[in-house]
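[1] Give me a model of this one.
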Amino acid sequence: MMQAVLFDLDDTLHDRQRTLQYFLQWQYDEHASSWGTFSKETFMQQFEAYDQGGMVWKDQVYRKLKEELHFPEHPDVLLEEYVEHVADHAVWVEGAEEALAVCRRKGLKTGLITNGKSALQRRVIRELQLEERMDVILISEEEDIRKPEAAIFLRAADQLQLEPEACLFIGDSLEADAKGAASAGMRSLWLHGKMNGGVEVLPAYEKLIPYLKEELR
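    Predicted structure coming up:
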């Protein structure tokens, strides 16, 4: 029987894309007086193009933007702003907060496993007030293991004092989340999955509540 639901962070609970857009709007406004040669839309579009969905670290993104847009600030200044302030703009994926609340009300243990830089992920976690809603939080940089390695999922189950088979993992990445969790013996749901891919698909959070009701009967 399912006893715990664990989540990925970015693009599963935390809407990274909307957060980034809100931050970039703020950053442009902060520098608008010296960035008059290019528009906010150009800055945001170029950032997102170089960012490649978060796959490129931001020091490289800002260096490329400097070469392209010729703003006066050193790229490291803008990088520091990103690290310090992007989490201030953190927002939830639609339906995620309600789904997490349902898990808690049903008495399920909840957890978080995320890859990424600890300082930044901890800021997002605090902004979304996730610390008090999770029974376990594992960040790859702190644990020195990353999804999709089975070891990080097994560590979470161990800290929850549960067998992996009693845990469900939800994430937006087929390889890192869905298949990674399955390799550790957990049940997994691929959030926003467009195809089966050998795992169960959760098209949107509105489908999670009926799923939980069925599984917990």
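
[2] Please, where are all the strands along the protein?
    4-7, 109-114, 136-139, 167-171, 187-191, 200-202 (DSSP state E).

[3] Okay, the nearest residue to residue 14 once chain neighbours are set aside and residue 19: tell me how far apart.
    Leaving aside its sequence neighbours, residue 14 sits nearest to residue 124 (CB to CB, 6 or more residues apart in numbering; 5.4 Å). From N, CA and C alone the C-beta is placed, and that goes for glycine too. To residue 19, residue 124 is 8 Å away according to CB to CB, to the nearest Å.

[4] likewise residue 162?
    Taking CB to CB, one finds residue 162 at 31 Å from residue 19.

[5] So which bits of the helix ranked longest in the chain are buried?
    Scanning the chain for the longest helix, with DSSP state H as the assignment, gives helix 16-31. When burial is assessed from 16 or more other CB atoms under 10 Å, helix 16-31 yields the following buried residues: 16, 19-24, 27-28, 31.

[6] go on, stretch 90-105?
    90-93, 96-97, 99-100, 102-103.

[7] ok, back up a step: give me the common contacts of residue 124 and residue 19.
    Residues touching both residue 124 and residue 19 (CB atoms under 8 Å, 6 or more residues apart in numbering) are 87, 90.

[8] Next, give phi and psi for residue 71.
    phi -70, psi 160 (degrees, to the nearest 10).

[9] Leaving out chain neighbours, which residue sits closest to it?
    Counting by CB to CB, 6+ apart, the residue nearest residue 71 is residue 35, at 5.5 Å.

[10] Could you verify my assumption that the one you found touches residue 43?
    Yes: under the criterion of CB atoms under 8 Å, residue 35 makes contact with residue 43 at 7.1 Å.

[11] which residues do those two both contact?
    28, 69.

[12] looking at this protein, which helix or strand is least sure?
    helix 208-215 (a mean of 77; mean pLDDT, DSSP states H and E).

[13] just the angle between that one and strand 167-171, please?
    160 degrees (axes from the mean of the first three to the mean of the last three CA atoms, to 10 degrees).

[14] Packing partners of helix 208-215?
    Counting contacts by 3 or more CB pairs under 8 Å, 6 or more residues apart in numbering; DSSP states H and E, helix 208-215 is packed against helix 96-105.

[15] now the helix it packs on: how far from the chain's centre is it?
    Here helix 96-105 is found 17 Å from its chain centre; the criterion is CA atoms, centre = their mean, to the nearest Å.

[16] Just want the angle from it to helix 208-215.
    Using the same axes, to 10 degrees: helix 96-105 against helix 208-215 is 20 degrees.

[17] C-alpha coordinates for helix 96-105, PDB please?
    Listed next in PDB are the C-alpha coordinates belonging to helix 96-105 (Å, rounded to 0.1, in the frame of the first residue of the first chain):
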ATOM      1  CA  ALA A  96       0.800  21.300  -7.300                       C
ATOM      2  CA  GLU A  97       0.200  23.000  -4.000                       C
ATOM      3  CA  GLU A  98      -3.300  21.600  -3.800                       C
ATOM      4  CA  ALA A  99      -2.100  18.100  -4.700                       C
ATOM      5  CA  LEU A 100       0.600  18.200  -2.000                       C
ATOM      6  CA  ALA A 101      -2.100  19.300   0.500                       C
ATOM      7  CA  VAL A 102      -4.300  16.300  -0.400                       C
ATOM      8  CA  CYS A 103      -1.300  14.000   0.200                       C
ATOM      9  CA  ARG A 104      -0.800  15.500   3.600                       C
ATOM     10  CA  ARG A 105      -4.500  15.400   4.500                       C
END
